[in-house]
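Q: Coordinates for the following, if possible.
(one chain, ligands or ions: 2)
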Amino acid sequence: MGTVTSLFARWWNTVPALEEDEEEADATKRYRPLRKHPELFQARVPATWVAPELLEIVNACKSGNAKKPEICSALRVEVKDVYSFLCFSPEFVKLFVSEIENFYASGIPARRPNSMNNYGVIVNEIGMRPMITEFQQQYIWPIAKVLFPEEASQFDSHHSFIVRYTAAEDLGLDMHTDDSDVTFNVCLGYDFTGATLTFCGYMGAPDHRQATHVYSHEIGRAVLHLGSRRHGADDIENGTRMNLIIWSHNSAWRRAHPSRLRREYYSKEAGPPDPVCLSTSQSDKPGYTHDRDFLAYKEKPSGRASGRNRAWCPPPGKEYENFPDSDETM
Ligand SMILES: O=C(O)CCC(=O)C(=O)O
Ligand SMILES: [Fe+2]
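A: Ligands and ions are numbered 1, 2, ... in the order given. Predicted coordinates for the structure are as follows:
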């Protein structure tokens, strides 16, 4: 990831992706002889891997008659600009999960997908990039192009990873935006309770920190949203949740919209934030906090009593009326 993106990531509380090597990752080389299902490492997505509903949506989108947001009944509008659909067949879910379990069992070290997730795996780095690229181009892109015509005018790369949460490991993921143009997020297992996904507004919009929707993950169902939408994974209560996330990138759109990185394009906030939309930390560094008014609405998280204050949101001049004074903020 380049400097601009890193800066963008720091400034906007975007989840930063770690750098992916141009060369074949070490994990790919080491894991190659241990692959359990070699078909997951080829540029092919057999029709038996996808749900009939996904085929229906893709066909509707390709027909050119699809109108946003009512593409077809198989596509559910969760809330404006957040969509979900049945995506993978039980056959694929079983295959994919068993491969990931096999990778974990191999003990091969894998770099983590982002600075906020300690138990995930970058699936591109274990050799799955060709299959994911095929899935992105054949299935995600035709749908995203209809739903988000500008951000998804083309997809030319992706950062794809597994996230895993259990009560004994990572419980959830703090509020953030993604370093993606369009995010695809599908649940692959297992049994769990809690672990919903809470959506707020768009980065820099007046309702940026207003709660808009709570999505409940279901195995095989995918959710699609823009990376600039603030969201967070709520704590898991029991069991284990595993999701595959594909961050699609559109370099042309990024080049054409450098302004999305600039403070002056941030709107004044309409009102005080919903506490569920407040962001504490994307790091284990104490005191690493993103929302300037966090302490006016929530307790200081334990173990974060000191340290550098990196809070930036909302930017100066963009505060809502009666923004709490500095004694109440970090
Ligand atoms: O756990 C989830 O469902 C969401 C994870 C997420 O938002 C992310 O990894 O960027
Ligand atoms: Fe995310």
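
Q: only C-alpha atoms for contact and neighbour calcs from this point on.
A: Noted.

Q: what sits against residue 84?
A: 75, 76, 77, 78, 221, 222, 223, 224 (CA atoms under 8 Å, 6 or more residues apart in numbering).

Q: In the stretch 101-250 of the chain, what residue lies closest to ligand 1?
A: residue 233 (4.8 Å; CA to the nearest ligand atom).

Q: my read: that residue touches residue 175, true?
A: Yes. Between residue 233 and residue 175 a contact is recorded at 7.4 Å, counting by CA atoms under 8 Å.

Q: Neighbour count for those two, which is higher?
A: residue 175 (27 against 20; other CA atoms under 10 Å).

Q: Let me know the next secondary structure element after the one helix or strand that one maps to.
A: Taking DSSP states H and E as the definition, residue 175 sits inside strand 173-178. Per DSSP H and E, the first helix or strand lying C-terminal to strand 173-178 is strand 182-189.

Q: Show me the contact partners of that next one.
A: Contacts for strand 182-189 (CA under 8 Å, 6+ apart): 87, 93, 97, 140, 144, 151-152, 217-227, 240-249.

Q: Report the distance from it to the chain centre.
A: How far strand 182-189 lies from its chain's middle: 8 Å, per CA atoms, centre = their mean, to the nearest Å.

Q: Could you tell me which residues within it count as buried?
A: Across strand 182-189, burial judged by 16 or more other CA atoms under 10 Å covers 182, 183, 184, 185, 186, 187, 188, 189.

Q: Including distance to residue 321 and pLDDT, could these go into a markdown table?
A: Shown next, in a markdown table, are these (distance: CA to CA, whole Å; pLDDT from 0 to 100):
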| residue | distance to residue 321 | pLDDT |
| --- | --- | --- |
| 182 | 32 | 97 |
| 183 | 33 | 98 |
| 184 | 35 | 98 |
| 185 | 36 | 98 |
| 186 | 39 | 98 |
| 187 | 40 | 98 |
| 188 | 43 | 97 |
| 189 | 44 | 91 |
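
Q: rewinding a little: just checking, which of the contacts of strand 182-189 belong to strands?
A: The strands, defined by DSSP state E, take in 221-226, 240-249 from the contacts of strand 182-189.

Q: and the residues you listed, which are buried?
A: So, by 16+ other CA under 10 Å, the buried ones in those are 221-226, 240-249.

Q: Quick one, grab the pLDDT at residue 7.
A: Confidence at residue 7, expressed as pLDDT, is 34.

Q: thought residue 220 was touching residue 89?
A: Yes. Counting by CA under 8 Å, residue 220 does reach residue 89; the two are 6.7 Å apart.

Q: picking that back up, what is the strand holding residue 175 packed up against?
A: Secondary-structure packing of strand 173-178 (3 or more CA pairs under 8 Å, 6 or more residues apart in numbering; DSSP states H and E): strand 14-15, strand 229-233.

Q: just those: most buried one?
A: strand 229-233 (a mean of 25; mean count of other CA atoms under 10 Å).

Q: Run through who's touching that strand.
A: Contacts for strand 229-233 (CA under 8 Å, 6+ apart): 172-178, 195-203, 208-209, 277.

Q: re the thing from before, can you list the buried residues of strand 182-189 in CSV and add distance to residue 41?
A: Putting the buried residues of strand 182-189 into CSV (distance: CA to CA, whole Å) gives the following:
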residue, distance to residue 41
182, 23
183, 22
184, 19
185, 20
186, 19
187, 20
188, 18
189, 21
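
Q: will you turn those into a markdown table that also has distance to ligand 1?
A: Shown next, in a markdown table, are these (distance: CA to the nearest ligand atom, whole Å):
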| residue | distance to ligand 1 |
| --- | --- |
| 182 | 11 |
| 183 | 8 |
| 184 | 10 |
| 185 | 6 |
| 186 | 8 |
| 187 | 7 |
| 188 | 11 |
| 189 | 11 |
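
Q: Run through the residues that contact residue 267.
A: 204, 205, 206, 318.

Q: whoops, residue 155 was the one
A: Taking CA under 8 Å, 6+ apart, one finds 137, 141, 248, 249, 250, 251 in contact with residue 155.

Q: leaving aside the residues next to it on the chain, what's closest to residue 259?
A: Spatial nearest neighbour of residue 259, chain neighbours left out: residue 265 (7.0 Å); criterion: CA to CA, 6 or more residues apart in numbering.
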